[in-house]
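# Next come a sequence and a model predicted from it.
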Amino acid sequence: MLSGAVRRALLALAVGGFAIGTGEFVMMGLLPQVASDLSVSIPKAGELISVYALGVVVGAPLLTAVSVRHRRKTVLMVLMGWFAAGNLLSAIAPSFGLVLLARFASGLPHGAFFGAGAVVAGSLVDRTRSNSAMAVMFAGLTVANIVGVPLTTILGQHAGWRAVYAIVGLIGMLAVLAIAVAVPGDAAPVKAGEVSLGRELRAFGKPEVWLVLGVAMLGGGGLFATFSYITPMMTDVAHYADSSITWLLVLFGLGMTIGNLAGARLSDRFPARTLVLSLVAEIVVAAAFLGLDHNRVTAALAIFLFPLTALAGLPTLQGRIIELAGGAPNLAAASIQAAFNIANSLGAYLGGLAISAGFGYGSPNAVAAVLVAIGLGLALVSVRVERSRAAARGEGPTEIGAVDVSGSRARIPA
């Protein structure tokens, strides 16, 4: 049972995740309003989504490198304050170019915040429960897709998209206050002489780190290949009314949340098996979605199951990359967020190619199945490498290691 202080600290981090999740995904539902207000086409307005993702990819390693020696509580507050300011600027920027710049600036702290937050969350509990603790923080992002995105989409349709980003900025400021009050100042302490940029970068000399990032990019790419085109898929293929999209997005968010939390519980005990099974299940759902997307009931079921299976593997990936980094987990943890935003661009691009080639709005599901299948292959290679090295050390059969943010390696028997 978690103590009240630990629960409050994790909740504070989850508020930050909620702000980021709402700010990132609400743009997808407001593109027509944004395009009209800024006098640009909808495809042009779509650049606001891409430039935010670019900000995440650039900011995750850059800001983590700059902040690696500073107290993590302070880093979290600065990064969330930066995110809040970027969204407030998005709300008042008068031209498309300035909004584009504000969205890029808003994306910069995203990955670094989740990277530092994952390290802090894992340090607050016993190492055998660290994946579950990190999942609580990420639950803020997934809950945003249940509550934040649908509600702010409705608000934006009535009060304007600028009001939405003003509210996201205010939620970000609330998260800064919550972190200041609830997160211990000594959480995941930075020890003098033990933390350096060079040490953080050396973690990327391990092939296993790149395997984990590859799984994240391909598994996440599968999810985003479908999610990016979920609206035309549901209206043109499953024949849902436009008014139904909001509750379908809520269903998608529920799947994300349940998958994240259930996957965390399983990954604390069986991380390798949880990751592999989640990828296999994601392939099955994507393939089934391809054949059953004309039926409203089965399409709705797939919308729930797709993110559930995709997010079930996230806690293992986050915990695994922190463990591989040993005593230098900050940059590695942030790199997972960069990987997922590359996945966002990759999945959307390849799914769009399939549609443009004339295969229809359901074809991104085939793209998703292929991407995740490649990711599954990388995951199996990663497990084999880990177990081969364990055998070479004379250890028994093991699961992928559980995370220990202090730098020691903890293993859980299969």
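Perfect, I can see it now. This is a predicted model, so every value here is computed, not measured. Numbering: from 1, shown residues only.
# My reading is that residue 70 lies in a strand. Confirm?
No - counting by DSSP: H, G, I helix; E, B strand; the rest coil, residue 70 falls outside a strand, being coil.
# And the pLDDT for it?
With respect to pLDDT, residue 70 scores 83.
# how far away is it from residue 64?
Distance of residue 70 to residue 64, given as C-beta to C-beta, to the nearest Å: 11 Å. (Each C-beta comes from the backbone N, C-alpha and C, glycine too.)
# mind listing what's buried in the strand or helix carrying residue 221?
Secondary structure from DSSP states H and E places residue 221 in helix 207-227. Residues of helix 207-227 classed as buried: 208-209, 211-227 (neighbour count, 16 or more other C-beta atoms under 10 Å).
# Name the spans of the stretch 151-300 of the chain whose pLDDT lies under the cut-off.
Within the stretch 151-300 of the chain, the segments meeting pLDDT under 70 span 188-197, 203.
# quick one: contacts for the closest residue to residue 342 other than its chain neighbours?
Distances taken as C-beta to C-beta, 6 or more residues apart in numbering place residue 217 nearest to residue 342, at 5.4 Å, with adjacent residues excluded. Listed by C-beta atoms under 8 Å, 6 or more residues apart in numbering, the contact set of residue 217 reads 339, 340, 342, 343, 346, 375.
# The second one contacts residue 216, correct?
Right, residue 340. Yes - using C-beta atoms under 8 Å, residue 340 makes contact with residue 216 at a distance of 6.0 Å.
# And the pLDDT for residue 403?
Confidence score, pLDDT, at residue 403: 41.
# Over to the one 3 residues further on?
Per-residue pLDDT puts residue 406 at 40.
# Dump stretch 294-310 to CSV, restricted to CA.
What follows is stretch 294-310, C-alpha atoms only, in CSV (Å, rounded to 0.1, in the frame of the first residue of the first chain):
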residue,chain,number,x,y,z
HIS,A,294,-17.5,-1.8,-41.5
ASN,A,295,-19.5,-2.9,-38.5
ARG,A,296,-20.2,-0.2,-35.9
VAL,A,297,-20.1,-2.6,-32.9
THR,A,298,-16.8,-4.3,-33.9
ALA,A,299,-15.3,-1.0,-34.9
ALA,A,300,-16.1,0.5,-31.5
LEU,A,301,-14.6,-2.6,-29.8
ALA,A,302,-11.4,-2.3,-31.8
ILE,A,303,-11.2,1.4,-30.9
PHE,A,304,-11.1,0.3,-27.2
LEU,A,305,-8.8,-2.7,-27.6
PHE,A,306,-6.3,-1.1,-29.9
PRO,A,307,-4.9,1.4,-27.4
LEU,A,308,-5.3,-1.0,-24.5
THR,A,309,-3.0,-3.5,-26.1
ALA,A,310,-0.6,-0.8,-27.3
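# relative to helix 207-227, how tilted is the helix or strand harbouring residue 353?
Using DSSP H and E, residue 353 sits within helix 330-354. On the basis of axes from the mean of the first three to the mean of the last three C-alpha atoms, to 10 degrees, helix 330-354 is oriented at 40 degrees to helix 207-227.
# Can you list the buried residues in the following helix or strand past helix 330-354?
Downstream of helix 330-354, the first helix or strand assigned by DSSP H and E is helix 364-392. For helix 364-392, burial by neighbour count (16+ other C-beta under 10 Å) applies to 364-376, 378-380, 382-383, 386-387, 390.
# ok and helix 364-392 relative to helix 207-227, angle-wise?
Using the same axes, to 10 degrees: helix 364-392 against helix 207-227 is 160 degrees.
# how distant is helix 364-392 from the center of its chain?
19 Å (C-alpha atoms, centre = their mean, to the nearest Å).
# Which strands or helices does it pack on?
Where contact means 3 or more C-beta pairs under 8 Å, 6 or more residues apart in numbering; DSSP states H and E, helix 364-392 is packed against helix 207-227, helix 271-292, helix 330-354.
# Dump these into a markdown table; add distance to residue 244 as well.
Formatted as a markdown table, the helices and strands packed on helix 364-392 follow (distance: least, C-beta to C-beta, whole Å):
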| stretch | distance to residue 244 |
| --- | --- |
| helix 207-227 | 16 |
| helix 271-292 | 17 |
| helix 330-354 | 21 |
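# List the single closest residue to residue 231 in space, sequence neighbours excluded.
Counting by C-beta to C-beta, 6+ apart, residue 231 lies nearest to residue 245, which is 5.6 Å off, once chain neighbours are set aside.
# So which elements touch the helix or strand residue 88 falls within?
Using DSSP H and E, residue 88 falls within helix 72-92. Other helices and strands packing on helix 72-92, by 3+ C-beta pairs under 8 Å, 6+ apart, are helix 4-25, helix 47-67, helix 96-123, helix 161-182.
# Low-confidence ranges, the stretch 301-414 of the chain, go.
326-329, 390, 393-414.
# same thing but at 90, please
Scanning the stretch 301-414 of the chain for pLDDT under 90 picks out 311, 313-364, 381-414.
# still on that earlier bit, ok now the helix holding residue 353, how far from the chain's centre?
For helix 330-354, the distance to the chain centre is 9 Å (C-alpha atoms, centre = their mean).
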